[in-house]
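model this:
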Amino acid sequence: MALFRKRERHQRNVLESPQYGWIWKPLVALLVIYLAVCVALGIWWSQRPDDFSVDDAVGIQRGAAQPSAAEAASNAPHPGETVTATTLTLLGSLLDKPGGYLRNDIAPPGLWLDNMPSWEYGVLGQVRAMSVSLKGAITDSDNDHLQQVVDALETRSDAWRFPSAEGRYQEAREALRDYLGRLREQQASFSQDASALSAWLGRVQARLDQQTQHLAASVGGAERHSVDIDTGEDSESTPWWRVDNVFFEARGNTWALMHLLKAAKRDFAPTIEAAGVGKAYDRLIDELEASQARVWSPVVLNGSGFGIFANHSLMMANYTLRASQLIQEIRSDLGSQ
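Numbers count the residues shown, from 1 in each chain. Reported below is the predicted structural model:
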């Protein structure tokens, strides 16, 4: 009888205290798979879009704005078309690249990324500057149309609630497509005079100077007093964990500017030739192309002095500083016309 009671007690304890150890194995496996997928997507989404031809951009963007892309691409661009099409392509690079627009992501893996969102921030700054310049280079009848573009692009870059940043930027892209169509049909005008080019280069130079301050603060830890393009607030010295963010913001800034300068060289060709700044303009583009050289290190390094480690922030600061100096030289020559 005691033997039977012991067996009954053991069976009752098993039923009352079930073992769930087996369930952790599939949960751990799912977690590992999820993390592996996030890492793979993060690497893929962190790849910078390829360079593009500003001449090809005109034909591609005409296809979005015109019924027949083949017919539209067979004709020479009208003044302003190359700059507008390039701005559209840059905006598309933010919205259509793998992973889409990442800066306002609130879920992994976009939430964990910082280099690509910083790169997007740099590109966005140049797109905003060009949109303001486009508005200033057209006739009064078109100002209301492009004001919508400027207002939409001023949306905070990290806005994720409705209306989201990418939603507003999509509205700006549609408005720019309409403006490209008006340029194509010659229902809108575009100023090619020296003052319009100089005004845009002035905005570009201010942005480059600000970027140089950011990079210099990353190098030496010195205080900087620059303005955030979203908040308008003064920035303090760069924390060590944001050094790579500043570097990739500069990469996006110079990448977008490189394409916009190539486009402006087409649209402002008579002005550039008349001012005799063609050689300086070409050197400026060369400086920006050099700033896009491949970074072989897996992390952004900030070596000091003559140490064994590279200083990526210092190298990028040299490019942005030299570009700003060339822009100042070009603007001086344009002002003398």
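
Quick one, grab the pLDDT at Gln211.
In this model, Gln211 is scored at 93, pLDDT.

Tell me the first helix or strand C-terminal of the host helix or strand of it.
Per DSSP states H and E, Gln211 falls inside helix 194-220. Tracing the chain past helix 194-220, the next element assigned as helix or strand by DSSP H and E is helix 243-267.

what's the angle from that next one to helix 194-220?
If you take axes from the mean of the first three to the mean of the last three C-alpha atoms, to 10 degrees, helix 243-267 sits at 160 degrees to helix 194-220.

Which parts of this structure are helices?
With helices called from DSSP state H, the chain shows them at 2-16, 24-45, 54-65, 69-73, 81-96, 115-136, 143-153, 165-184, 194-220, 243-267, 269-275, 278-290, 312-335.

closest to Ala107 out of these?
Evaluated over the helices of the chain, closeness to Ala107 peaks at helix 24-45, with 10.0 Å, by C-beta to C-beta. All C-beta spots, glycine's among them, are computed from the backbone N, C-alpha and C.

wait, which of the helices of the chain is closest to Trp296?
Using C-beta to C-beta, the nearest of the helices of the chain to Trp296 is helix 312-335, at 10.3 Å.

Show me how far the closest one is from its chain's centre.
20 Å (C-alpha atoms, centre = their mean, to the nearest Å).

thinking again about what came up before, can I get the helices of the chain in TSV with mean neighbour count and distance to Asn104?
Shown next, in TSV, are these (neighbours: other C-beta atoms under 10 Å; distance: least, C-beta to C-beta, whole Å):
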stretch	mean neighbour count	distance to Asn104
helix 2-16	9	51
helix 24-45	12	14
helix 54-65	20	24
helix 69-73	14	32
helix 81-96	24	11
helix 115-136	23	8
helix 143-153	18	14
helix 165-184	21	5
helix 194-220	21	21
helix 243-267	24	15
helix 269-275	16	38
helix 278-290	17	27
helix 312-335	20	25
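
Mind putting those into a markdown table with distance to Pro298?
Listed next are those as a markdown table, based on distance: least, C-beta to C-beta, whole Å:
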| stretch | distance to Pro298 |
| --- | --- |
| helix 2-16 | 53 |
| helix 24-45 | 11 |
| helix 54-65 | 32 |
| helix 69-73 | 41 |
| helix 81-96 | 24 |
| helix 115-136 | 11 |
| helix 143-153 | 33 |
| helix 165-184 | 29 |
| helix 194-220 | 18 |
| helix 243-267 | 11 |
| helix 269-275 | 40 |
| helix 278-290 | 21 |
| helix 312-335 | 12 |
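
Relative to Leu301, which of those helices is closest?
Among the helices of the chain, helix 312-335 comes nearest to Leu301, with 5.6 Å by C-beta to C-beta.

Distance of the closest residue in space to Leu124 that isn't next to it in sequence relative to Gly122?
Distances taken as C-beta to C-beta, 6 or more residues apart in numbering put Ser157 closest to Leu124, at 5.8 Å, once the chain neighbours are dropped. From Ser157 across to Gly122, the span is 11 Å (C-beta to C-beta, to the nearest Å).

Spit out the contact partners of Thr254.
By C-beta atoms under 8 Å, 6 or more residues apart in numbering, the residues touching Thr254 are 122, 288, 291-292, 316, 319-320, 323.
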